[in-house]
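> Need coordinates for the below:
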Amino acid sequence: SGSRAFFGLPKAMPDSAIRGAGRAPGRAVRRNVSSNHPEGTVVRMRRQWLQVGIGLALAGSLAMAAAAQDGFGKLDPAPPDGKTADQIVTAMGEKESNFAKARENYVFKQSVVFQTINDDNGKPDGEYRQVADIGLNRDGTRTERVTFAPQNTIERVILTREDMDDVAHRLPFVMTTKDLPDYNLNYLGRQKVDELDTYVFNAEPKTIEKNRRFFKGKLWVDQRDLQIVMVSGKNVPDEVRKGHENLSPPFTTYYEQIDGKYWFPTYTKADGTLHFAAGEGNMAQDVHVRSIVKYTDYRQFRSTSRIIYDGQEITKEGDDKNTPEKPKK
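Take a look at the predicted model:
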């Protein structure tokens with residue numbers, strides 16, 4: 001059949017967030033050619049006076065907000081047809097495992113915009129912005145080459161290295177077969193999301209382990225491809241000790257099908273108020289933040305890697321045109 005589209009991106013997303021995709025604002029489209037669209041992630045930061053780690057925020061439950069948007073049908077709690085919920089979860093884990101392996105062979109552009117907001121006028125009073133090319137060394141390790149980084153004007157919070165690690169690893173959420181034993185996945189029903197028919201699951205970690213972070217929230221899984229197309233939730237656990245807060249408010253990540261094969265995380269948005277407790281002579285403070293992280297220009301790095309899709313190898317041989325050029329000195 002023809003291509004299908006997912007139109008679930010927020011209506012309030014600025015045109016500039018997806019202008020390079022060559023389509024109307026608010027759309028993420030299933031395509032059979034390389035995509036040029038946003039992608040997602042989370043960011044922690046620390047208050048300037050306190051060592052604070054937090055995730056990028058969305059006020060309230062984005063799952064509820066998403067359901068209220070045009071294009072999101074009513075959740076049907078009826079069981080799936082032709083398969084059990086457990087069978088869907090098992091198949092999803094296998095597809096996500098294949099995708100995680102395939103994504104290791106892709107390079108892309110990463111764009112981060114983080115703002116603190118003055119609630120008196122609703123305008124930004126500080127901004128951090130960075131654009132980087134995320135590449136690969138021959139040994140498979142990731143590289144990052146910053147191509148645009150104007151002066152950071154944020155004063156009320158400080159972004160840390162851990163924040164950017166979240167951008168790379170937290171919000172582009174993947175639930176592989178290896179991850180499944182760590183979670184309780186409860187089937188909630190079926191939901192029409194514009195052109196996509198999806199299964200909806202609630203995910204919660206079975207146990208909280210020290211020095212590990214887990215996802216807690218909802219997953220939307222495409223009924224045809226059995227891959228994640230949207231997540232809405234938060235990273236847990238939170239660290240609530242005064243002076244050592246590590247808070248992780250909700251976020252929503254949207255996915256787009258790249259090259260007609262896999263659904264890649266392409267866009268994450270956060271907009272909410274962060275609550276910092278008083279301590280060590282500092283008053284409690286609320287900081288309103290907004291953030292958008294995009295991952296665009298996905299390109300396969302090298303044809304020597306084997307990519308498996310639906311149990312079959314889909315790697316094209318002899319195609320090196322997607323290998324990034326070395327930066328000119």
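> Please make it C-alpha for all contacts and neighbour counts, starting now.
OK.
> all strands of the stretch 51-200 of the chain, in order?
Along the stretch 51-200 of the chain, the segments classed as strands by DSSP state E, counting those that start in this stretch run 53-54, 106-118, 123-136, 142-148, 157-159, 183-193, 196-205.
> Which one of the ones you listed lies nearest to D86?
strand 183-193 (8.8 Å; Cα to Cα).
> quick one: contacts of that closest one?
6-8, 71-80, 85, 89, 197-206 (Cα atoms under 8 Å, 6 or more residues apart in numbering).
> What residues of it count as buried?
Within strand 183-193, the residues scored as buried using 16 or more other Cα atoms under 10 Å are 183, 185, 187-193.
> quick one: low-confidence parts of the stretch 101-250 of the chain?
Scanning the stretch 101-250 of the chain for pLDDT under 70 picks out 160-162, 246-249.
> Which residue is the nearest non-sequential neighbour of L75?
Q191 (4.8 Å; Cα to Cα, 6 or more residues apart in numbering).
> Okay, that neighbour and P77: tell me how far apart.
Going from Q191 to P77 by Cα to Cα, to the nearest Å gives 9 Å.
> do the same with Y295
From Y295 to P77 the distance is 33 Å (Cα to Cα).
> Who has more neighbours out of those two?
Using other Cα atoms under 10 Å as the criterion, Y295 and P77 rank with Y295 on top: 30 against 13.
> Under a three-state scheme, what state does that one occupy?
Classification of Y295 by DSSP: H, G, I helix; E, B strand; the rest coil places it in strand.
> The longest helix along the chain vs strand 183-193, what angle?
Looking across the chain with DSSP state H, the single longest helix is helix 85-103. Counting by axes from the mean of the first three to the mean of the last three Cα atoms, to 10 degrees, helix 85-103 points 90 degrees away from the direction of strand 183-193.
> what helices or strands is helix 85-103 leaning on?
The elements that helix 85-103 packs onto, with contact taken as 3 or more Cα pairs under 8 Å, 6 or more residues apart in numbering; DSSP states H and E, are strand 262-276, strand 308-309.
> For the ones you listed, please prepare CSV with the additional fields mean pLDDT and distance to Q110.
Converted to CSV, the helices and strands packed on helix 85-103 look like this (pLDDT from 0 to 100; distance: least, Cα to Cα, whole Å):
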stretch, mean pLDDT, distance to Q110
strand 262-276, 87, 10
strand 308-309, 57, 25
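> Just name the most buried of the ones you listed.
Mean neighbours per residue, mean count of other Cα atoms under 10 Å, is largest over these for strand 262-276, with a mean of 24.
> could you dump it to PDB, C-alpha only?
The C-alpha coordinates for strand 262-276 follow below in PDB (Å, rounded to 0.1, in the frame of the first residue of the first chain):
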ATOM      1  CA  TYR A 262      12.800   1.700  10.900                       C
ATOM      2  CA  TRP A 263      11.100   4.300  13.100                       C
ATOM      3  CA  PHE A 264      13.900   6.700  14.400                       C
ATOM      4  CA  PRO A 265      13.400   9.100  17.300                       C
ATOM      5  CA  THR A 266      13.400  12.500  15.600                       C
ATOM      6  CA  TYR A 267      12.000  15.100  17.900                       C
ATOM      7  CA  THR A 268      11.600  15.700  21.700                       C
ATOM      8  CA  LYS A 269       9.900  18.700  23.300                       C
ATOM      9  CA  ALA A 270       9.800  19.900  26.900                       C
ATOM     10  CA  ASP A 271       8.100  22.900  28.400                       C
ATOM     11  CA  GLY A 272       7.500  23.100  32.100                       C
ATOM     12  CA  THR A 273       8.500  24.600  35.500                       C
ATOM     13  CA  LEU A 274      11.400  23.100  37.500                       C
ATOM     14  CA  HIS A 275      11.000  23.300  41.300                       C
ATOM     15  CA  PHE A 276      14.300  23.800  43.200                       C
END
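> Show the secondary-structure elements that it is packed against.
Strand 262-276 packs on helix 85-103, strand 228-236, strand 251-258, strand 285-300, going by 3+ Cα pairs under 8 Å, 6+ apart.
> ok so, going back, what residues sit buried inside the longest helix of the chain?
85, 88-100, 102-103.
> Repeat that for stretch 106-113.
106-112.
> Same check on stretch 277-292?
For stretch 277-292, by 16+ other Cα under 10 Å, it's 277, 287-292.
> so which of these comes closest to T253?
Distances from T253 to those, taken by Cα to Cα, are shortest for I292, at 10.2 Å.
> Now do the contacts for that closest one.
I292 neighbours (Cα under 8 Å, 6+ apart): 40, 112-114, 267-270.
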